[in-house]
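J.: Any chance you can model this:
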Amino acid sequence: MKPSIAFSQAGKLLIYLTILGACPLLLQGQATKKTATAPPPPPAKTTPPPAQKPTPPQPQQQPGTQQKPAVVNPPVVKPPVVKPPVVKPPVVKPPVVKPPVEPPVVKPPVVKPPVPPGGKTETTREGHRLVKDKNGKVTAVLTKSGAEAHFSPSGRVTTIKTASGTTITRSAAGARTVVSERISGSGVHYKVVSAGPHQTYVERPFTDGRHDYVRRTYMRDGHQYVSVYRGYQYGGRTYYRYVPAYYYGPRFYGWANTRWSSPVYYSWGWYGAPWYTPYGYYFTPYASYPSAAFWLTDYLVAENLRAAYEAQAAANQPAVDSGQAAPVAENSQATLTPEIKQMIADEVQSQLAVEQAAAQTSSQGGSSTPDSQQPVQSTDEVPPALDPKFRVFVVTTSIDVQSDGQSCALSPGDVLERTGVTADKDDTVSVRVVRSQKTSCKMDSLSRVQIPDLQEMYNQFRGKLDDGVKALADNQGKKGLPSTTTAGIAVDNPALKGLPTAPDSVAVELKKQSDEANQAENEVQQAMRPSVGTTIGQ
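T.: Coordinates of the predicted model:
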């Protein structure tokens, strides 16, 4: 080879290497520019996929030179167009409104009253049924509305029971007692009782988790007040004992239960009063009082007689045969003698001692038992109606009893002495009528009284005694009564703390009960009228 040709070729190679070594960045930028601006390759003529474009060779990095990474723009990716789903509104069908369902008509159960031997049953044109004995005397009536009435041998209506649970009782003296069993909207059973202005109340049960109670909301002279009674078990039955609402100081009860320094002359203002005149033959207050116990005795007896008079007036029955002072009954001893009143005074003194002990316990921060008695270890408590410590009872509500094989009435103000100590299978106990009024059972007669009735006499005795103690505290130092600085202020019974004692609204309940009782009595009277076209039924 000629030297000129060799020289020429070497020079070209040197220039080429120099350019490559001096301009790596230019080559890289040009490569990027060509990549970005290069026109798209022509479409492939064959169906096979185009061959992958080879990666251009990277220039070699010269020693001592740092190579910068290539700037690669990411491809522009357009997000896919997402169309919102087409939501169709739900098809709402209008509710199907059914017509209100009328409550079923509850027909009173068909009751067949017992037919006396040789008697018969007649059905009147109006749909009433009359039960007659063999002599043709009506002994029972079943009205078309379901009320069932029973009669005494003398032809007097004794009881009427309605289909809704109301019982109307007429005593031999004519006093009316109405008791209705009700069920509240929450399913709780309660009771409505009307036995005269002083014995009208709504009774509702409740519990504190340990004991069962009943709360009575009384209505008297347009005002309401509450009394609470605690339940306890005896002989498999539940009885209720009065719970005092408040106590005075222990010293006040001691003053009331101690003889005063000199007898006290007190004017009650009863003479000439409408309620007192009919009972003038039976009750005369003491001429003077040696202690508060005797003053409270007259207060208790007078309150019972006043209640009896108002109950008779409410029932449109005269308390006695005439409005004048009643003559002495055929039995000249039909009066409350000092000896009988002393028996009542002894019970008053016993109860004052119990109240004093309970007030002492309460004032010392102890927990008084709800009935102010000593705690009973046994779960089976003897009710006061059977407690040997209490044997004298004053009748507070007219009741009918069996005496010497005949039915007779006990009236408010009559005095009983319990002679038995155990109850029979009918839950009755024997008593002796110590003193009675002219329309009541005979004196010294023996009868059997339901223990709940006797217990109610005790409860009313305790309640009226508390009312009398309050009247004594309010009137001490007045109208001849001695004054004392120990009366203080009545303190709520701690045993009632937390118990519901708010009064109920009883006006509506009493109005409903009165209307039902009047309707039942009128219906029985209509059934008794002579009716044309009566038919014989079974």
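
J.: which stretches of the protein form helices?
T.: Along the chain, the stretches classed as helices by DSSP state H are 3-22, 24-37, 250-256, 292-314, 338-363, 451-475, 507-528.

J.: Report the buried residues of the shortest one.
T.: In this case it means helix 250-256. Neighbour-count burial for helix 250-256, counted by 16 or more other CB atoms under 10 Å, picks out 250-256. Every residue, glycine included, has its C-beta placed from N, CA and C.

J.: want to try JSON lines for those residues, with pLDDT and distance to residue 305 as columns?
T.: As requested, these are arranged in JSON lines below (pLDDT from 0 to 100; distance: CB to CB, whole Å):
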{"residue": "250", "pLDDT": "91", "distance to residue 305": "32"}
{"residue": "251", "pLDDT": "91", "distance to residue 305": "32"}
{"residue": "252", "pLDDT": "92", "distance to residue 305": "27"}
{"residue": "253", "pLDDT": "92", "distance to residue 305": "26"}
{"residue": "254", "pLDDT": "90", "distance to residue 305": "30"}
{"residue": "255", "pLDDT": "91", "distance to residue 305": "27"}
{"residue": "256", "pLDDT": "91", "distance to residue 305": "23"}
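
J.: Output those residues in CSV; the columns should cover distance to residue 178.
T.: Below are those laid out as CSV (distance: CB to CB, whole Å):
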residue, distance to residue 178
250, 41
251, 44
252, 39
253, 37
254, 42
255, 42
256, 37
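
J.: with those residues in mind, which one is nearest to residue 304?
T.: Nearest to residue 304, judged by CB to CB, of these is residue 256 at 20.1 Å.

J.: Distance-wise, check that closest one relative to residue 432.
T.: Computed as CB to CB, to the nearest Å, the residue 256 to residue 432 distance reads 30 Å.

J.: In this protein, spot the strand with the most residues.
T.: strand 223-234 (DSSP state E).

J.: could you give the angle of it to helix 507-528?
T.: 80 degrees (axes from the mean of the first three to the mean of the last three CA atoms, to 10 degrees).

J.: ok, and what's touching strand 223-234?
T.: Strand 223-234 is contacted from outside by 211-218, 238-243, 245, 370-371, 379-383, 386, 459, 463, 496, 499, 501-506, using CB atoms under 8 Å, 6 or more residues apart in numbering.

J.: out of the residues you listed, which are inside strands?
T.: 212-218, 238-243.

J.: Please identify which of these is nearest to residue 394.
T.: residue 242 (14.2 Å).

J.: check contacts around the closest one.
T.: Taking CB under 8 Å, 6+ apart, one finds 227, 229, 371, 458-459, 462-463 in contact with residue 242.

J.: Also residue 252?
T.: So residue 252 contacts 473, 484, 486-488 (CB under 8 Å, 6+ apart).

J.: before we move on, what about residue 193?
T.: So residue 193 contacts 177-180, 199-203 (CB under 8 Å, 6+ apart).

J.: ok, now with 10 Å
T.: By CB atoms under 10 Å, 6 or more residues apart in numbering, the contact list for residue 193 reads 177-180, 199-203, 216, 218, 397, 510, 513.

J.: Quick check, pLDDT for it.
T.: For residue 193, the pLDDT comes out at 92.

J.: which stretches of the stretch 351-500 of the chain have low pLDDT?
T.: 363-380 (pLDDT under 70).

J.: one more time with 50, if that's ok
T.: Along the stretch 351-500 of the chain, the model assigns pLDDT under 50 to residues 367-378.

J.: My guess is residue 153 contacts residue 407. True?
T.: Yes. Judged on CB atoms under 10 Å, residue 153 makes contact with residue 407 at a distance of 8.1 Å.

J.: Looking at these two, which has the bigger crowd around it?
T.: residue 407 (16 against 10; other CB atoms under 10 Å).

J.: Please name the bridge partners of that one.
T.: Beta-bridge partners of residue 407, counted by DSSP bridges, are residue 402.

J.: Identify the residues contacting it.
T.: Counting by CB under 10 Å, 6+ apart, residue 407 has contacts 152-154, 156, 158, 171-172, 400-401, 441.

J.: Would you write a ChimeraX line that selects the buried entries of those residues?
T.: Remark: buried members of these, expressed as a ChimeraX selection using 16+ other CB under 10 Å:
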select :158,171,172,400,401,441
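
J.: how about CSV for the contacts of residue 407, with distance to residue 529 added?
T.: Formatted as CSV, those follow (distance: CB to CB, whole Å):
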residue, distance to residue 529
152, 19
153, 21
154, 19
156, 17
158, 20
171, 24
172, 24
400, 26
401, 32
441, 33
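
J.: list the contacts for the closest residue to residue 457 other than its chain neighbours?
T.: Leaving aside its sequence neighbours, residue 457 sits nearest to residue 393 (CB to CB, 6 or more residues apart in numbering; 4.4 Å). The contact partners of residue 393, by CB under 10 Å, 6+ apart, come to 344, 347, 384-385, 414-418, 431, 434, 449, 453-458, 460-461.

J.: What's opposite residue 393 in the beta bridge?
T.: What pairs with residue 393, by the bridge criterion (DSSP bridges), is residue 416.

J.: pLDDT value on the most centrally placed residue in the chain, please?
T.: What sits nearest the mean C-alpha location of the chain, by CA atoms, centre = their mean, is residue 204, with 3.4 Å. With respect to pLDDT, residue 204 has a value of 91.

J.: For the closest residue to it other than its chain neighbours, the count of nearby residues, please.
T.: In this structure, residue 204 finds its nearest non-sequential neighbour in residue 190, 4.5 Å apart by CB to CB, 6+ apart. A count of nearby residues for residue 190, using other CB under 10 Å, gives 17.

J.: Just give me the closest of the contacts of residue 193 to residue 124.
T.: Nearest to residue 124, judged by CB to CB, of the contacts of residue 193 is residue 178 at 25.7 Å.

J.: of the contacts of residue 193, buried ones?
T.: 177-180, 199-203, 216, 218, 397, 510, 513.

J.: Relative to residue 188, how far out is residue 430?
T.: For residue 430 relative to residue 188 (CB to CB), the value is 36 Å.

J.: higher neighbour count, those two?
T.: It is residue 430, of residue 430 and residue 188, that has more neighbours when counted by other CB under 10 Å, with 15 against 11.

J.: Excluding chain neighbours, what is closest to that one?
T.: Nearest non-adjacent residue to residue 430 (CB to CB, 6+ apart): residue 420, at 3.8 Å.

J.: which ones are touching the one you found?
T.: So residue 420 contacts 386, 428-432, 446, 448-449 (CB under 10 Å, 6+ apart).

J.: how much space between it and residue 407?
T.: Distance from residue 420 to residue 407, counting by CB to CB: 20 Å.

J.: same question, residue 288
T.: Separation of residue 288 from residue 407 (CB to CB) stands at 41 Å.

J.: Then residue 189?
T.: Distance, residue 189 to residue 407, by CB to CB: 30 Å.

J.: Residue 168 now?
T.: 17 Å.

J.: Could you do residue 190 as well?
T.: Remark: distance between residue 190 and residue 407 (CB to CB) = 30 Å.

J.: go on, residue 247?
T.: Residue 247 is 42 Å from residue 407, by CB to CB.

J.: and if you look at residue 274?
T.: Residue 274 sits 30 Å away from residue 407, going by CB to CB.

J.: do the same with residue 352
T.: 37 Å.

J.: one step back: just put the ones in strands among the contacts of strand 223-234 in a markdown table and tack on distance to residue 129 and pLDDT.
T.: Shown next, in a markdown table, are these (distance: CB to CB, whole Å; pLDDT from 0 to 100):
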| residue | distance to residue 129 | pLDDT |
| --- | --- | --- |
| 212 | 40 | 89 |
| 213 | 42 | 92 |
| 214 | 37 | 92 |
| 215 | 40 | 92 |
| 216 | 37 | 91 |
| 217 | 38 | 90 |
| 218 | 38 | 88 |
| 238 | 36 | 87 |
| 239 | 38 | 89 |
| 240 | 38 | 91 |
| 241 | 43 | 92 |
| 242 | 43 | 93 |
| 243 | 46 | 92 |
